[in-house]
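J.: What follows is a protein structure lacking sequence information:
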């Protein structure tokens with residue numbers, strides 16, 4: 001678990017991260033002007049602030065491709081509605097690229 005204000009180490013995804021990716025896919029496609037057939041989260045890091053920042057490595061490539069995108073998502077605290085907002089992205093990336101704050 002990360003301390004408030006610092007990012008965690010890379011973590012394997014779980015159902016909550018998949019759910020976040022499902023909810024923000026359309027916003028990411030709009031921001032990148034791309035349509036992704038695949039949108040599969042692989043790893044993530046997070047930072048606890050007045051809510052949570054997530055940086056998620058998402059596989060978007062096609063059969064045999066290594067293409068990924070790093071997506072930064074802010075989730076507001078439940079008392080503020082828990083809204084998800086895509087606050088940045090880095091594209092293209094590969095599976096080997098390390099997740100780091102941006």
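T.: Thanks, I have it. None of these values were measured; they are calculated from a predicted model. Residues are numbered from 1 along each chain as shown.
J.: from here on, contacts and neighbour counts on C-alpha atoms
T.: Will do.
J.: would you list every one of the helices in the protein?
T.: Secondary structure of the chain (DSSP state H): helices located at 15-32.
J.: and the nearest residue to residue 70 once chain neighbours are set aside, how far is that from residue 100?
T.: In space, and not counting its chain neighbours, residue 70 is closest to residue 57: 4.7 Å by C-alpha to C-alpha, 6 or more residues apart in numbering. Distance, residue 57 to residue 100, using C-alpha to C-alpha, to the nearest Å: 10 Å.
J.: do the same with residue 83
T.: Residue 83 is 23 Å from residue 100, by C-alpha to C-alpha.
J.: and those two? which has more neighbours close in?
T.: residue 100 (15 against 11; other C-alpha atoms under 10 Å).
J.: which residues does the residue most central in space within the chain contact?
T.: For the chain, the residue sitting closest to the mean C-alpha position, by C-alpha atoms, centre = their mean, is residue 56 at 2.7 Å. For residue 56, the contacting residues are 41, 42, 43, 44, 45, 70, 71, 72, 73, 99, by C-alpha atoms under 8 Å, 6 or more residues apart in numbering.
J.: Contact partners for the residue nearest to residue 38 when sequence neighbours are not counted?
T.: Nearest non-adjacent residue to residue 38, counting by C-alpha to C-alpha, 6+ apart: residue 60, 4.7 Å away. Residues in contact with residue 60 (C-alpha under 8 Å, 6+ apart) are 36, 37, 38, 39, 40, 67, 68, 69.
J.: quick one: which of these is nearest residue 17?
T.: Lowest distance from residue 17 to the contacts of residue 60 (C-alpha to C-alpha) belongs to residue 40, with 9.8 Å.
J.: burial of that closest one, as a residue count?
T.: Around residue 40 there are 19 other residues, counting by other C-alpha under 10 Å.
J.: Would you quantify the distance from it to residue 50?
T.: In terms of C-alpha to C-alpha, residue 40 sits 27 Å off from residue 50.
J.: Pairing partners for residue 41 in the sheet, please.
T.: Per DSSP bridges, the residues bridged to residue 41 are residue 58.
J.: so how far is stretch 35-49 from its chain's centroid?
T.: Chain-centre distance of stretch 35-49: 3 Å, with C-alpha atoms, centre = their mean, to the nearest Å.
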